[in-house]
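1. how would this look folded up:
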Amino acid sequence: MKIVSIDTYYGAVPLHTPFKTALRTVTVAETVIVKVTCDNGIIGWGEAPPTHVITGDSLASIESAITNVFKPLLTGESITERDRLFALINKAIVGNTSAKAAIDMALHDCAAQQAGLPLHVFLGGYRDEIETDYTVSVNTPEEMAADAKAYINNGFNVLKVKVGKDQISTDIERIKAIREKVGDSCLIRLDANQGWRPKEAVSAIRKMEDLGLDIELVEQPVLAHDLKGLKYVTENVDTPIMADESVFSIYDAREVLETASADLINIKLMKAGGIHQAMKIANLAESFGVECMVGSMIETKLGITAAAHFAASQKNVTRYDFDAPLMLADDIVSGGIIYNERKITFNSGSGLGVKEIDGNYLHDTKSIYAVEK
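-> This next block holds a predicted model:
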């Protein structure tokens, strides 16, 4: 089964509500969609959103890497030689993890279809159902508390609360307001997106512990490169600390794990460069007794479907952050994962189970360069 063509499209879907974190505000989910066609008619899909402030990838850089590097590299190659292809992809260009992830998704989709299996079964098949949290964007304490209550009323029982954008005292007021509004009916996890300094992070988390706010975990409290600071926070609070932006590759993961700089790791396909590399991180973390979450950027259901299949396939992935498609004004994917409030299940199709992408949201990739000017 050989690759005969690789095509890219530009997609843009508005969010129904702005998504706000310490790093950025998003109102439109922009993405590069990848379509890999094989000589037996099998089609594999992937996607890569630009997340400049985290991965450094833009629409133009993603499209260029796929069209100018991966397309000539992979066209004519056999899907059945996956390990060799993933090695070629990883070696062909430095960085560009989002572009690598999009190609990786599409190749995995093709391979699982050829095997006649849903991708999560093809990868290991540990679970066939998972549950996502729902993210509370940074706003005033009152707005965040109202949003949190609405999400609980809509069937979610784990909230991921964004903090780290301004004063820590305000963050504490946000969490107090949310906990008062929702009571003890849900788990609350925090994501500071690198917004705190180590000592102030310890002070804030200790205060939340003293207040009995019952925080499940705190994600990436300090700057990504500050592993000493991350370790300092981890060692000086009781609340579990999760590394996110500090871990892109298996080498990053090894350093965090060997130094015990975090209690948990958040794996994202856009950081890791796809499922192949993400599997390595999950397996390495398991060898250290460290559990993983799988999260995402602001992606459509296409990218989240790939991430969910990976997450469900692995025993050591125990937390899931897959609410991004629920934030979009429309669903551009026919097929893929199925949402029932917080529960995510998989359709019976092989591969990703994606049947079609809504052409109304897809454009020629030449428009990417017009968008980014």
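
2. what does stretch 192-201 rub up against?
-> 21-23, 162-165, 168, 171, 204, 218-224, 226, 228-230, 232-233, 244-245 (C-beta atoms under 8 Å, 6 or more residues apart in numbering). For glycine as for every other residue, the C-beta is placed from the backbone atoms N, C-alpha and C.

3. can you pull the pLDDT of Ser78?
-> Looking at Ser78, its pLDDT is 97.

4. what of the one 3 residues further on?
-> At Glu81, the pLDDT value in this model is 94.

5. what about Ile175, is that helix, strand or coil?
-> Secondary structure for Ile175, judged by DSSP: H, G, I helix; E, B strand; the rest coil, is helix.

6. would you double-check that Ala262 falls in a helix?
-> No. Counting by three-state DSSP, Ala262 falls outside a helix, being coil.

7. make 15 the starting number, not 1.
-> Right, with 15 as the first residue, what we last looked at is Ala276.

8. can you pull the contacts of it?
-> Neighbouring residues of Ala276 by C-beta under 8 Å, 6+ apart: 244-245, 248, 255-257, 260, 270, 304.

9. and these, which is closest to Glu223?
-> Ile255 (12.6 Å; C-beta to C-beta).

10. average pLDDT for the host helix or strand of Ala74?
-> Per DSSP states H and E: Ala74 is located in helix 73-78. Averaging pLDDT along helix 73-78 yields 97.

11. which elements pack onto that helix?
-> When contacts are defined as 3 or more C-beta pairs under 8 Å, 6 or more residues apart in numbering; DSSP states H and E, helix 73-78 sits against strand 17-34, strand 39-52, helix 111-129, helix 380-386.

12. mind listing what's buried in it?
-> Across helix 73-78, burial judged by 16 or more other C-beta atoms under 10 Å covers 73-78.

13. mind putting the residues you listed into CSV with distance to Asp372?
-> Listed next are the buried residues of helix 73-78 as CSV, based on distance: C-beta to C-beta, whole Å:
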residue, distance to Asp372
Leu73, 19
Ala74, 23
Ser75, 25
Ile76, 20
Glu77, 20
Ser78, 25
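
14. related to what we said a few turns ago, mark which of the contacts of Ala276 are buried, thanks.
-> 244-245, 248, 255-257, 260, 270, 304.

15. mind listing which of those residues are in helices?
-> 244-245, 248, 270 (DSSP state H).

16. in strands only, show me the contacts of stretch 206-215.
-> 176, 232-233 (DSSP state E).

17. which ones are touching Met311?
-> Contact analysis of Met311 by C-beta under 8 Å, 6+ apart lists 63, 65, 68-69, 282, 284, 317, 338.

18. about what we covered before: wait, which of the buried residues of helix 73-78 is closest to Asn167?
-> For the buried residues of helix 73-78, the residue nearest Asn167 by C-beta to C-beta is Leu73; the value is 36.1 Å.

19. surely that closest one and His66 touch.
-> No. Applying C-beta atoms under 8 Å as the test, Leu73 and His66 come out as separate, 9.7 Å apart.

20. nearest residue to Thr89 in space, please, no chain neighbours.
-> Nearest non-adjacent residue to Thr89, counting by C-beta to C-beta, 6 or more residues apart in numbering: Ile17, 5.6 Å away.

21. so that neighbour bridges to which residues?
-> Beta-bridge pairing for Ile17 (DSSP bridges): Cys52.

22. so who does it touch?
-> 50-53, 88-93.

23. hmm, back to that, and of the helices and strands packed on helix 73-78, who's closest to Asn361?
-> Judging these by C-beta to C-beta, what sits closest to Asn361 is helix 111-129, at 12.9 Å.

24. thinking again about what came up before, widest-spaced pair of the contacts of Met311?
-> Top of the distance list for the contacts of Met311 (C-beta to C-beta): Thr69 and Ala338, 15.1 Å.

25. and the residue nearest the centre of this protein?
-> When C-alpha atoms, centre = their mean is applied to the chain, the residue found nearest the centroid is Ser310 (1.4 Å).

26. that residue reaches Ile281, doesn't it?
-> No. Counting by C-beta under 8 Å, Ser310 does not reach Ile281; the two are 10.1 Å apart.

27. nearest to Ala26, of the ones in strands among the contacts of stretch 206-215?
-> Nearest member of the ones in strands among the contacts of stretch 206-215 to Ala26, counting by C-beta to C-beta, is Lys176, at 22.9 Å.

28. and His134, that's in a strand?
-> No. Applying three-state DSSP, one finds His134 to be helix, outside a strand.

29. quick check: domain ranges of the protein?
-> The chain breaks down into these domains under automatic domain parsing: 17-130+373-386, 135-370.
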